[in-house]
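>>> Curious how this folds, go ahead:
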Amino acid sequence: MSKPVRISFLGGLGEIGRNCMAIEQDKKILLIDCGLMFPKAEHGDDIDVIIPDFTWLLQNKERIVGCVATHGHEDHVGALQYLLRDASFPLYGSALTLGLARNRIAEARLTEKTKFIEVDDNDRVKIGPFEVEFIPVTHSVPHAHAIALHTSQGVIVHSGDFKLDLTPVDDRRTDLARLGSLSSNEGIRLLMLDSTNAGERGHAPSESDVGVVLRQLFNDHRSKRIITASFASHIHRVQQIANAAIESGRVVVPLGRSMINNIRLARDLKVLTIPEKSLVSSDSLGKYDDEEICIISTGSQGEAMSALTLLAKGDSRYVKVGENDTVVFSSHAIPGNEHNVNKVVDALLRRGATVVHSGIADVHATGHAQAEDLKMYLSITEPEWFIPIHGEYRHMVANTELAKIMGVAPSKVLLCEDGDVVEITDKNLDFDGRIPAEFVVPAKLQRGNKSKKAKHK
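Predicted structure coming up:
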């Protein structure tokens, strides 16, 4: 008999964000992602972020052999700075993923608690008892990976966050050929698949489509100053905004600490191309006329202290928004953030700005596969067992239905939630207990006190 493999879900199954799971074999633990979640209104105004419950992990921290980061979004790496306060292990990921994670870990002064081990596309790395393969996928942040775990119980595939984009900005597509090869040769014992857009019909639009819309917007508003807001980690979007700005004779001005840092990191890694002469600091804004400026700002989610929110409130030291500004929200609001985003939009409109968002123009494309994409993925991988991951409960239910449509036997589909533990043996995959999985509000680093459980689950 082969040794069993256990999977413990610490977050990301029943909510958007807080993605974290632990794989156990031979008494060793490998983490896949360690992310945070942004709170919803019911969590209260005094809560900045919510992280997984690390109780079980810290009780077993000597058994952790590493953490594999699928990509650099904060809902996948943002909680590392909190876990590394009390544990130490190496972190594996692409150069960009590690760079994005390192920024937050360095801010917490915890870089000595981990080693940053860079991997390339299709690398196969030995981590403890696991053989870990990094399969390229397209997502809204460059250099994301799916993970194929070669274990004592066969191949386990973790899809990561992904989309099937045939015309991605960087020409780096999801490696369906490798997934098909795994299915045809070793066979895929278990597939854990991103559920975020499982309830959305059709195919996810290409990121390149957004670039066409942005260029048209820059042309339509050529006499105005243009301010754009997007996730600082959405380097593909930043590239397309920069391209549209430069083509229309504008300089690019990053605003917000994370935007400035991420642009610098991405340019250093040659993931982002903006000529030096076109990249201008906010201190130099006064040298240019409005029609020569494109600001790329943080704050697309209405975060309280973000650059865009300060602009909307009139509190920015660099920019005063008025009637000659067009503000483009090149993003969708994360569920729970709608109220904050709407407040910022209202404040910008009160100042006379023109506001463009995805309800008006196609200025955003999702980074997640939709129903037809997921069906294709299932058709190629042909898993024996299936567990939906990443999403609210309704998203995961929709994903289970897609798996059944594509031929996975209903008895081979497990619908799990945070805290569930499953075990894979030679003959079966089944539930095998629970671990703590409450929402946890981390203590502020400067206070040094304990984290606390959130009031709401």
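
>>> what about the strands in the stretch 151-300 of the chain?
154-158, 188-194, 225-229, 251-255, 293-297 (DSSP state E, counting those that start in this stretch).

>>> strands paired with the first one, and their directions?
So that's strand 154-158. strand 144-151 (antiparallel), strand 188-194 (parallel) (DSSP bridges).

>>> Same list, these, but as TSV with mean neighbour count please.
Yep, even glycine has a C-beta here, placed from its N, CA and C like the rest. Converted to TSV, the strands paired with strand 154-158 look like this (neighbours: other C-beta atoms under 10 Å):
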stretch	mean neighbour count
strand 144-151	25
strand 188-194	25
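
>>> can you put those strands in CSV and add mean pLDDT?
Output for the strands paired with strand 154-158, formatted as CSV (pLDDT from 0 to 100):
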stretch, mean pLDDT
strand 144-151, 98
strand 188-194, 98
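
>>> Of those, give the one that comes closest to L98.
For these, proximity to L98 was assessed by C-beta to C-beta; strand 144-151 is nearest, at 11.9 Å.

>>> what distance separates the closest one from the middle of the whole chain?
17 Å (C-alpha atoms, centre = their mean, to the nearest Å).

>>> that older thread, I'd like the strands paired with strand 154-158 as CSV, with distance to L349 appended.
Below are these laid out as CSV (distance: least, C-beta to C-beta, whole Å):
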stretch, distance to L349
strand 144-151, 35
strand 188-194, 35
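
>>> G249: which of those is closest?
With C-beta to C-beta as the measure, strand 144-151 is the member of those nearest G249 (33.2 Å).

>>> Tell me where the stretch 301-450 of the chain has strands.
325-329, 354-356, 385-389, 391-392, 420-424, 429-434, 440-441.

>>> Throw those strands into JSON lines and include mean neighbour count and mean pLDDT, thanks.
Putting the strands of the stretch 301-450 of the chain into JSON lines (neighbours: other C-beta atoms under 10 Å; pLDDT from 0 to 100) gives the following:
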{"stretch": "strand 325-329", "mean neighbour count": "25", "mean pLDDT": "95"}
{"stretch": "strand 354-356", "mean neighbour count": "18", "mean pLDDT": "95"}
{"stretch": "strand 385-389", "mean neighbour count": "26", "mean pLDDT": "98"}
{"stretch": "strand 391-392", "mean neighbour count": "20", "mean pLDDT": "95"}
{"stretch": "strand 420-424", "mean neighbour count": "19", "mean pLDDT": "98"}
{"stretch": "strand 429-434", "mean neighbour count": "14", "mean pLDDT": "97"}
{"stretch": "strand 440-441", "mean neighbour count": "21", "mean pLDDT": "93"}
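
>>> Arrange these in TSV, one row each, with distance to E338 as further columns.
Output for the strands of the stretch 301-450 of the chain, formatted as TSV (distance: least, C-beta to C-beta, whole Å):
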stretch	distance to E338
strand 325-329	12
strand 354-356	15
strand 385-389	24
strand 391-392	14
strand 420-424	29
strand 429-434	32
strand 440-441	21
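
>>> Out of these, flag the one nearest V68.
Closest to V68 of those, according to C-beta to C-beta: strand 385-389, at 14.3 Å.

>>> Who are the packing partners of the closest one?
If you count contacts as 3 or more C-beta pairs under 8 Å, 6 or more residues apart in numbering; DSSP states H and E, strand 385-389 packs onto strand 188-194, helix 393-405.

>>> among these, which is nearest G302?
So among the helices and strands packed on strand 385-389, helix 393-405 is nearest, using C-beta to C-beta, at 22.6 Å.

>>> Columns distance to L36 on top of the helices and strands packed on strand 385-389, output as JSON lines?
Formatted as JSON lines, the helices and strands packed on strand 385-389 follow (distance: least, C-beta to C-beta, whole Å):
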{"stretch": "strand 188-194", "distance to L36": "18"}
{"stretch": "helix 393-405", "distance to L36": "19"}
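
>>> out of the ones you listed, nearest to F38?
helix 393-405 (17.0 Å).

>>> So what touches that closest one?
By C-beta atoms under 8 Å, 6 or more residues apart in numbering, the residues outside helix 393-405 that reach it are 13-14, 193, 195-199, 371, 374-375, 378, 386, 388-389, 391, 410, 413, 415, 417.

>>> Just the buried residues out of the residues you listed, in PyMOL syntax.
In PyMOL, a selection of the buried entries from the contacts of helix 393-405 looks like this (16 or more other C-beta atoms under 10 Å):
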select buried, resi 13+14+193+195+196+197+198+199+371+374+375+378+386+388+389+391+413
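
>>> Now, the contacts of helix 393-405 that are in helices?
Of the contacts of helix 393-405, the ones assigned to helices by DSSP state H are A371, L374, K375, L378.

>>> Nearest to K287, out of the strands of the stretch 301-450 of the chain?
Comparing the strands of the stretch 301-450 of the chain by C-beta to C-beta, strand 325-329 comes nearest, at 17.7 Å.

>>> pull the CA atoms of that closest one into PDB?
Below are the C-alpha coordinates for strand 325-329, written out as PDB (Å, rounded to 0.1, in the frame of the first residue of the first chain):
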ATOM      1  CA  ASP A 325     -10.000  65.000 -15.100                       C
ATOM      2  CA  THR A 326     -11.300  61.700 -16.400                       C
ATOM      3  CA  VAL A 327     -10.900  58.900 -13.900                       C
ATOM      4  CA  VAL A 328     -11.000  55.300 -15.200                       C
ATOM      5  CA  PHE A 329     -11.700  52.400 -12.800                       C
END
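
>>> the domain parsing of this protein - what is it?
Under the assignment automatic domain parsing, the domains of the chain span 5-202+366-453, 208-356.

>>> contact partners of the helix or strand where L96 lies?
Taking DSSP states H and E as the criterion, L96 maps to helix 95-107. Helix 95-107 is contacted from outside by 69-74, 77-78, 80-81, 84, 91, 93, 111, 113-114, 116-118, 141-145, 233, 235, 258, 261-262, 265-266, 269, 271, using C-beta under 8 Å, 6+ apart.

>>> let's see 7 Å
69, 71-72, 77-78, 80-81, 84, 91, 93, 111, 114, 116, 118, 142-143, 233, 261-262, 265-266, 269, 271 (C-beta atoms under 7 Å, 6 or more residues apart in numbering).

>>> ok, now stretch 340-349?
G299, Q301, G302, L308, T309, A312, K313, V321, V327, A333, V355.

>>> Let's see that with 8 Å instead.
299-304, 308-309, 311-313, 321, 325, 327, 329, 333, 355, 357.

>>> Now which of the residues you listed would you call buried?
Taking 16+ other C-beta under 10 Å as the criterion, what is buried in the contacts of stretch 340-349 is 299-303, 308-309, 311-312, 321, 325, 327, 329, 333, 355, 357.
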